[in-house]
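**Student:** Quick check, what structure comes out for this input:
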Amino acid sequence: MDHVHLCVSIPPKMSVSSFMGYLKGKSTLMIYDRHPELQNKWNKAFWARGYYVATTGNLTEEAIKKYIAEQSEESRKEDSEGAAF
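**Tutor:** Residues are numbered from 1 along each chain as shown. Modelled structure (predicted):
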């Protein structure tokens with residue numbers, strides 16, 4: 001997998017960068033806790049330094065979730081087609 005789609009809602013008082021730092025840090029610790037063998041594979045840099053964030057204007061949460069699900073389906077199709085070669 002080369003990227004992750006998430007649909008989140010954060011409080012207006014919290015900065016996006018603070019949230020992303022927390023999310024990446026905490027998720028890395030949780031992944032390494034469950035899969036300690038991965039610590040050596042990425043040399044303690046599990047996530048890339050950057051991230052992309054977009055806000056939603058007049059889109060509904062359902063539309064966003066549908067987009068994420070479709071991206072997931074498309075990724076699976078590409079993975080299975082690539083395995084055939």
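
**Student:** Quick check: which ranges of this structure have low pLDDT?
**Tutor:** Low-confidence segments of the chain, defined by pLDDT under 70, are located at 1, 42-44, 78-79, 81-85.

**Student:** Which helix runs longest in this protein?
**Tutor:** Assignment by DSSP state H gives helix 61-83 as the longest helix of the chain.

**Student:** In CSV, list the C-alpha atoms belonging to it.
**Tutor:** Output in CSV follows, covering the C-alpha atoms of helix 61-83 (Å, rounded to 0.1, in the frame of the first residue of the first chain):
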residue,chain,number,x,y,z
GLU,A,61,-19.9,12.6,4.7
GLU,A,62,-21.6,9.8,2.8
ALA,A,63,-20.1,11.0,-0.5
ILE,A,64,-16.6,11.1,1.0
LYS,A,65,-17.0,7.6,2.4
LYS,A,66,-18.2,6.4,-1.0
TYR,A,67,-15.2,7.9,-2.6
ILE,A,68,-12.8,6.2,-0.1
ALA,A,69,-14.5,2.9,-0.6
GLU,A,70,-14.2,3.2,-4.4
GLN,A,71,-10.6,4.1,-4.1
SER,A,72,-10.1,0.9,-2.0
GLU,A,73,-11.8,-1.2,-4.6
GLU,A,74,-9.8,0.3,-7.4
SER,A,75,-6.6,-0.3,-5.5
ARG,A,76,-7.5,-4.0,-5.0
LYS,A,77,-8.3,-4.3,-8.8
GLU,A,78,-4.9,-2.9,-9.7
ASP,A,79,-3.1,-5.2,-7.2
SER,A,80,-4.8,-8.3,-8.6
GLU,A,81,-4.2,-7.2,-12.2
GLY,A,82,-0.5,-6.5,-11.4
ALA,A,83,-0.1,-10.0,-9.9
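
**Student:** contact partners of that helix?
**Tutor:** By C-beta atoms under 8 Å, 6 or more residues apart in numbering, the residues outside helix 61-83 that reach it are 1, 5, 6, 7, 56. The C-beta positions use only the backbone N, C-alpha and C, and glycine is treated the same way.
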